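J.: Okay, here's the prediction I keep looking at, along with the sequence it came from:
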Amino acid sequence: DVQSRAGYDPHFLGDGEFAVSLPMLGPGLDELTVVVDENAAGTEKYLLKYTHFSIAIHRGRRIALFTVSNIDGEQSRKIKRKKDVWGFDPRISEEFQTGNQLYQGNDLDRGHLVRRLDPAWGTLTQAKRAELDTFFFTNCTPQHAGFNQKLWLELEDYLLNSADTRNFKACIFTGPIFTEEDRPYRGMLLPLAYWKVAVMIHDQRDALTATAYIVSQKDLLSRLEFVFGQFKMYQVSISEIEQRTNLDFGDLKRFDPL
């Protein structure tokens, strides 16, 4: 039962200048994104809402266009990981979701875009519900094991462990970068890189700070099997993320040091 989930809260860090709005879909992108609520306005109509995070799904690629989550480091709970059980979200057709068949017999991980414990905060009931919500295939993306278990994890840990982050709170946007170079595999096109935008309040400056990153998992394919290759992480401007994703982050660019 996920019908009553509140999803991402744009006012999680505060109101006014501290509000972190959803990105807007660029020209033509609305036709490529699964509609969830016809009656909603703007980007809201494409959102699948979960506990403390939301996801928009790309119709043709059958994985997330982007995810956005609220993270509260002070209220986080360490939910013990049980055997992973992934499932389809019943609110959209399974034809727009990619299941287990992609991940069998290779080195592809079922990579969490919203990390398992990121939304697991609040009461114990809320935290457990949020952790389970991250195991929908809508939050799953094909990532090489080394990429998923190392660089992708290290990036958010680095950001959230910063002493300058007020109350260890953050709003995190993530998603794949879709290009014509993406690798065909079992009827899918595998993204070669992923992006992340982290938004926090800088405690000393009393102002938002927004940083953007691209993490590459390029050169991993060897025929139909996977081998370890080069994993690289780059800090980039939010404007570059916009150019490569056709998303519009609006005023958020004003708080980007690049």
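T.: Yep, it's here.
J.: Return the residues in contact with G175.
T.: G175 sits next to A64, L65, F66, T67, L113, Y194, W195, T245, L247 when contact means C-beta atoms under 8 Å, 6 or more residues apart in numbering. All C-beta spots, glycine's among them, are computed from the backbone N, C-alpha and C.
J.: mind checking pLDDT for the fifth one?
T.: Just to be clear, that refers to L113. Among the per-residue scores, L113 shows a pLDDT of 91.
J.: Report how many residues lie close to it.
T.: Other residues lying near L113 total 27 when counted by other C-beta atoms under 10 Å.
J.: Would you confirm that it contacts T141?
T.: Yes. If you go by C-beta atoms under 8 Å, L113 and T141 touch, sitting 5.5 Å apart.
J.: quick one: common contacting residues for the two?
T.: Here L113 and T141 have A64, Y194 as joint contacts, going by C-beta under 8 Å, 6+ apart.
J.: Can you classify R244 by secondary structure?
T.: At R244 the chain is in helix, as set by DSSP: H, G, I helix; E, B strand; the rest coil.
J.: pretty sure it contacts L192?
T.: No. At 11.5 Å, R244 does not count as touching L192 under the criterion of C-beta under 8 Å.
J.: which one of those two has more residues nearby?
T.: Shown here are R244 and L192; by other C-beta under 10 Å, L192 has more neighbours (18 against 15).
J.: Please report how far that one lies from E180.
T.: Plainly put, L192 is 11 Å away from E180 if you go by C-beta to C-beta, to the nearest Å.
J.: count of neighbours near the residue lying closest to L47 once chain neighbours are set aside?
T.: Spatial nearest neighbour of L47, excluding adjacent residues (C-beta to C-beta, 6 or more residues apart in numbering): S54 at 4.5 Å. Using other C-beta under 10 Å, the number of residues around S54 comes to 24.
J.: for G111, same thing?
T.: G111 has 22 neighbours, counted by other C-beta under 10 Å.
J.: cool, and the one 3 residues further on?
T.: V114 is surrounded by 26 other residues when neighbours are defined as other C-beta under 10 Å.
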